Each structure stands twice: as C-alpha cells, then as structure tokens.
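1. Attaching a predicted model along with its sequence, questions to come.
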Amino acid sequence: MTHRNRAAHTLVRHQPIADALREVPGLELPVGTYSARHNAKNVAYRIIHAYRLPYYEPAGSYTARCEDTEMGTAVYARYVGERAAIPNAA
C-alpha cells in the first residue's frame, strides 16, 4: 500500500519498510514525515495495529512513534517480533 506523504510530497511505500525492519529486529527506521501531527499519529496507530496495512501483521509485532521535526511530524517504526503481537486485534 502506498499513500501520499504531503510534507515531503512523496509516496510512502510501506512494504519495503516493513520488510527491512523485519530483517533486523530492534532497528528503528523512518517511515515518513507528515505536515499534520494527527496524520502522523494515525499512521503510527495503523502500523502498531496493522490496521489496513497488512505488511505490519500480525498486529503488535511493530512499534511506532512520532517525533516533531522542522519539516512536520516524523513517524519511526521498529519490528519487535511476533511474540509481542496483540491477541485478537482487529
């Protein structure tokens, strides 16, 4: 799934990011920078819960956080493993 990242005017390609994180558990990588903080928080939530982003399944196997920058709000993600998955998450 891709979507427009308005702060940088680029598309965020989630599958390569999720795959790279899965290769090195614990590594934190930037996902994208968003002009509106609520959009960044929404993306972080969707990563954590794998909501409409199947690359981050099962839910809870990735963490995500937001950080304010000069360009907007950046989202960073990390693979923590399937043992951390949220049971019965929808």
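-> Sure thing, it's come through.
2. Can you show me the helices along this structure?
-> Assignment of helices within the chain using DSSP state H yields the ranges 14-23, 37-49.
3. packing partners for the first one?
-> Contacts of helix 14-23 with other secondary structure elements, assessed using 3 or more C-beta pairs under 8 Å, 6 or more residues apart in numbering; DSSP states H and E, are made with strand 28-34, strand 72-79. Placement of C-beta: from N, CA and C, glycine included.
4. So which of these is nearest Leu21?
-> Between Leu21 and the helices and strands packed on helix 14-23, the tightest spacing by C-beta to C-beta is seen for strand 72-79, at 4.0 Å.
5. Adjacent strands (with direction) for that closest one?
-> In the sheet, strand 72-79 lines up against strand 28-34 (antiparallel), strand 62-69 (antiparallel) (DSSP bridges).
6. Can you give the contact residues for that strand?
-> For strand 72-79, contacts defined as C-beta atoms under 8 Å, 6 or more residues apart in numbering pick out 7, 17-18, 21-22, 24-37, 39-41, 43-44, 47, 56, 61-68.
7. All set, thanks.
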